[in-house]
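K.L.:
Need coordinates for the following:
(chains A, B, C and D)
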2 protein chains.
Amino acid sequence: MATVPVTDEICDTFHTDPARVAVIQASLPTGATLEALSETFKALGDPTRLRMLTALAEAELCVCDLATLVGISESAASHQLRLLRTLRLVRSRRDGRMVHYRLDDDHITGLLAQGLDHVNEAGTRRER
Amino acid sequence: MATVPVTDEICDTFHTDPARVAVIQASLPTGATLEALSETFKALGDPTRLRMLTALAEAELCVCDLATLVGISESAASHQLRLLRTLRLVRSRRDGRMVHYRLDDDHITGLLAQGLDHVNEAGTRRER
DNA sequence: TCAATATATGATAACCTGTTCATATATTCA
DNA sequence: TGAATATATGAACAGGTTATCATATATTGA
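P.N.:
Alright, predicted model coming up:
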């Protein structure tokens, strides 16, 4: 990503140099993208859903398998899976009475891996 | 990540083949890692913080710059920055009265980019 | 030291989230 | 078709989260 030169302005009542704000503001994701992006990260930001997703990174699983694995009710699992499905984090495949879930695409495992990288590095780093 | 062969079990009252559960459960992140990971994603899962982070991906910024840019009070910005600092998503540098913030490391931009990849692809894909 | 400026923090209230419980839908098999 | 099983869904409650307001701390320069 590009770097904007930091002008030497002072934080007075007007706070920010308008030109600089404009440059950076133009680089921010638009409303719709921003919403979708935050929804996605929000979905990943829950221990239960993370467990479900990491489990699904290992194998396709039905709802009851997931529920037992993660330690929640099948109802709760179903609710969460609906959310994950809406956000295209998982996709489902019906097989008789059961519905099997799997990760939607490779972005998800990538995100999980990169997130783990961060917490591992952030966790071992100490003080500042 | 490895793939576990899907045994042909049925979802009865016992739900899951214990051996299979064990294999997958062993692959799940531990409690501490899981917590840190979900905290990190949760921090990314808020429009305000996402705007702050994408802005910081472009330039180092002081609190008041960030506040105006994102359209929140400096107090709110400060609260959010504390959270982001705690999670090692940003780091701060004091310069006189002002404190400049920047992204902590490259993982963050990587996560943001990968998240954007996902929403862009998921957004254009239609129906199923 | 005092005033001014920039940031940080604690408490509170409105809002959002995740689980539970009850119930509905879907599929299979007798 | 009816019973059994697997999943989905709506309502509601408990717990958590975010912005606001008031206040505190830190830094600079007079």
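
K.L.:
Please see if stretch A:32-44 touches chain B.
P.N.:
Yes: applying CB under 8 Å from any CB of the partner chain, one finds stretch A:32-44 in contact with chain B at A:33-44. Where you see a C-beta, it was placed from the backbone N, CA and C, and this is true even at glycine.

K.L.:
Can you give the contact residues for that stretch?
P.N.:
Contacts with stretch A:32-44, where a contact means CB atoms under 8 Å, 6 or more residues apart in numbering or on different chains, come from A:28-29, A:49-50, A:53, A:83-84, A:87, A:89, A:111-112, A:115, B:38, B:41-42, B:44-47, B:50-51, B:112, B:115-116, B:118-120, B:122-123.

K.L.:
circling back to that earlier point, in a markdown table: the residues of stretch A:32-44 next to chain B, plus distance to DNA strand C and neighbour count.
P.N.:
Shown next, in a markdown table, are the residues of stretch A:32-44 next to chain B (distance: CB to the nearest atom of the strand, whole Å; neighbours: other CB atoms under 10 Å in any protein chain shown):
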| residue | distance to DNA strand C | neighbour count |
| --- | --- | --- |
| A:Thr33 | 17 | 16 |
| A:Leu34 | 14 | 18 |
| A:Glu35 | 11 | 14 |
| A:Ala36 | 13 | 21 |
| A:Leu37 | 14 | 22 |
| A:Ser38 | 9 | 22 |
| A:Glu39 | 8 | 15 |
| A:Thr40 | 12 | 24 |
| A:Phe41 | 11 | 25 |
| A:Lys42 | 6 | 19 |
| A:Ala43 | 8 | 21 |
| A:Leu44 | 10 | 25 |
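
K.L.:
Strands along chain A, start to end?
P.N.:
Listed in chain order, the strands of chain A (DSSP state E) span residues A:61-62, A:90-95, A:98-103.

K.L.:
deepest of those, which one?
P.N.:
strand A:61-62 (a mean of 26; mean count of other CB atoms under 10 Å in any protein chain shown).

K.L.:
Run through who's touching it.
P.N.:
By CB under 8 Å, 6+ apart, strand A:61-62 touches A:55, A:69, A:98-102, B:11, B:24.

K.L.:
That strand near DNA strand D at all?
P.N.:
Yes: Strand A:61-62 lies within reach of DNA strand D by CB under 7 Å from any atom of the strand, at A:Cys62.

K.L.:
Packing partners of the helix-or-strand element of chain A with minimal mean pLDDT?
P.N.:
Using mean pLDDT, DSSP states H and E, helix A:18-27 stands out as the lowest-scoring helix or strand of chain A, at a mean of 79. Under the contact definition 3 or more CB pairs under 8 Å, 6 or more residues apart in numbering or on different chains; DSSP states H and E, helix A:18-27 sits against helix B:47-56, helix B:63-70.

K.L.:
Lovely, talk soon.
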